[in-house]
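Peer 1: turn this into a structure:
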Amino acid sequence: MSRRVATITLNPAYDLVGLCPDIVKGTVNRVKTAGLHAAGKGNNVAKVLRDLGIDVTVSGFLGKENQEGFQHFFNENQMNNRFHLVSGRTRINVKLTEKYGDVTDFNFSGFHVTEEEWNQFIDDSLSWLGQFDMVVVSGSLPEGVSPESFTDWMKRLQQCCPCIIFDSSREAFVAGLKATPWLVKPNRHELEIWAGKPLPDLDSIIDAAHALRHKGIAHVVISLGEQGALWVNASGAWLAKPPYCEVISTVGAGDSMVGGLVYGLLMRESSEHTLRLATAVSALTVSQPNVGIRSRTELASMMSRIQLTSVR
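Peer 2: Numbering: from 1, shown residues only. All right, here's what the predicted structure looks like:
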């Protein structure tokens with residue numbers, strides 16, 4: 001098995017992460033800078049996978065005017081870079097964590113993708129993505145890429161690579177679901193939006209997950225924040241709960257979970273082991289200022305503290 005993964009991030013960002021005890025609107029708020037990182041959901045997934053020793057190719061769009069941080073990130077982590085450069089600047093997302101762990105995001109606008117640039121990406125990506133064991137598609141859509149054209153690309157991608165892991169939100173999430181990817185990872189709020197109703201308890205969340213499965217999606221993993229994660233597939237449903245962790249930043253926690261899921265699936269681990277691993281990777285992320293696995297020993301220790309139960 002080649003164990004090769006590609007991640008697609010159409011709308012990456014530089015994440016400016018800071019700590020602010022209390023955000024008071026209309027005043028000067030002093031922020032302790034935790035880091036400025038070349039990020040975007042798929043790039044965060046790629047970082048976790050590289051830390052675990054998986055070969056990763058990254059692609060999507062980058063703004064020409066401020067690409068240097070991303071180029072350094074890709075080189076430093078030995079990622080194969082197939083990003084397309086477009087006019088303008090990659091956006092900056094400001095993420096402020098308050099003393100009780102609440103995170104406020106300020107997501108700025110970035111580059112605009114022309115129809116010609118989008119068509120070039122489609123032709124190029126579909127020419128090489130079929131070589132990979134899994135393709136991770138995550139994040140929002142940049143200006144210029146419509147949900148309809150994104151759905152069409154996802155459907156064509158599925159024909160050459162059936163193992164698509166999909167993690168997005170809002171209109172991109174709805175558009176991507178129409179292509180019935182192999183695995184999806186919404187959070188609870190995103191699943192509620194798709195279901196069109198509140199999901200107040202675990203049973204209602206499981207029912208919504210099965211509704212997605214009945215549409216042809218094999219695996220549904222719902223991230224539940226500090227309550228952990230729920231995985232529903234044909235073999236059953238499992239809930240993984242992490243231990244209490246002091247929150248430094250929740251930025252990238254969901255992406256880290258996706259990275260753990262991909263790794264476990266590539267290694268042909270059981271659903272239970274894979275969910276335990278993915279939840280542990282996510283829990284480690286919230287206790288540090290950036291995405292990544294600092295040591296296998298630390299990961300193994302966190303995995304031993306995850307509570308895993310079979311539900312239903």
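
Peer 1: from now on I want contacts and neighbour counts done on CA atoms only, so please keep to that.
Peer 2: Fine.

Peer 1: can you report how many residues neighbour the residue lying closest to Val45 once chain neighbours are set aside?
Peer 2: In space, Val45 comes closest to Gly259 once its chain neighbours are excluded; the distance is 4.7 Å by Cα to Cα, 6 or more residues apart in numbering. Counted with other Cα atoms under 10 Å, residues neighbouring Gly259 total 28.

Peer 1: ok, the one 4 residues further on next?
Peer 2: Residue crowding around Tyr263 was assessed by other Cα under 10 Å; the count is 22.

Peer 1: and the helix or strand harbouring it, what does it pack against?
Peer 2: Of the helices and strands defined by DSSP states H and E, Tyr263 is found in helix 253-266. Here helix 253-266 touches helix 41-51, helix 271-286, going by 3 or more Cα pairs under 8 Å, 6 or more residues apart in numbering; DSSP states H and E.

Peer 1: CSV please, covering these and showing distance to Ile217.
Peer 2: Putting these into CSV (distance: least, Cα to Cα, whole Å) gives the following:
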stretch, distance to Ile217
helix 41-51, 20
helix 271-286, 16
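
Peer 1: can I get those in CSV including mean pLDDT and distance to Lys64?
Peer 2: Output for the helices and strands packed on helix 253-266, formatted as CSV (pLDDT from 0 to 100; distance: least, Cα to Cα, whole Å):
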stretch, mean pLDDT, distance to Lys64
helix 41-51, 95, 17
helix 271-286, 91, 29
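
Peer 1: closest to Ala175 out of those?
Peer 2: Counting by Cα to Cα, Ala175 lies closest to helix 41-51 out of those; the figure is 17.2 Å.

Peer 1: for the closest one, which outside residues touch it?
Peer 2: With contacts defined as Cα atoms under 8 Å, 6 or more residues apart in numbering, helix 41-51 is touched by 7-9, 12, 55-56, 58, 77-79, 136-139, 252, 255-256, 258-260, 263, 291-294.

Peer 1: run me through the strand neighbours of the following helix or strand past that helix, direction for each.
Peer 2: If you walk from helix 41-51 toward the C-terminus, the next helix or strand you reach (DSSP H and E) is strand 55-63. Sheet pairing here is set by DSSP bridges, and for strand 55-63 it gives strand 4-9 (parallel), strand 80-81 (parallel), strand 84-86 (parallel).

Peer 1: output strand 55-63 as CSV, restricted to C-alpha atoms.
Peer 2: Taking only C-alpha atoms (Å, rounded to 0.1, in the frame of the first residue of the first chain), the coordinates of strand 55-63 have been written out as CSV:
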residue,chain,number,x,y,z
ASP,A,55,3.6,11.4,2.2
VAL,A,56,1.3,14.3,1.4
THR,A,57,0.7,16.4,-1.7
VAL,A,58,-1.1,19.7,-1.1
SER,A,59,-3.0,21.7,-3.6
GLY,A,60,-5.6,24.5,-4.0
PHE,A,61,-5.1,28.2,-4.6
LEU,A,62,-2.6,30.7,-3.1
GLY,A,63,-2.4,34.5,-3.6
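
Peer 1: what angle sits between that strand and helix 41-51?
Peer 2: Using axes from the mean of the first three to the mean of the last three Cα atoms, to 10 degrees, one finds that strand 55-63 and helix 41-51 are set 150 degrees apart in direction.

Peer 1: below-threshold pLDDT in the stretch 201-312 of the chain: ranges please.
Peer 2: Along the stretch 201-312 of the chain, the parts satisfying pLDDT under 70 run over 249, 289, 312.

Peer 1: redo that, cut-off 80
Peer 2: By pLDDT under 80, the weakly predicted segments of the stretch 201-312 of the chain are 225-226, 245-252, 287-291, 312.

Peer 1: can you pull the contacts of the nearest residue to Asp167 once chain neighbours are set aside?
Peer 2: Residue nearest to Asp167 in three dimensions, not counting chain neighbours: Ser138, with 4.6 Å by Cα to Cα, 6+ apart. By Cα under 8 Å, 6+ apart, Ser138 lies in contact with Thr7, Ile8, Thr9, Leu10, Lys41, Gly42, Phe166, Asp167, Ser168.

Peer 1: by neighbour count, which of those wins?
Peer 2: Tallying neighbours with other Cα under 10 Å puts Gly42 at the head of these, with 30 neighbours.
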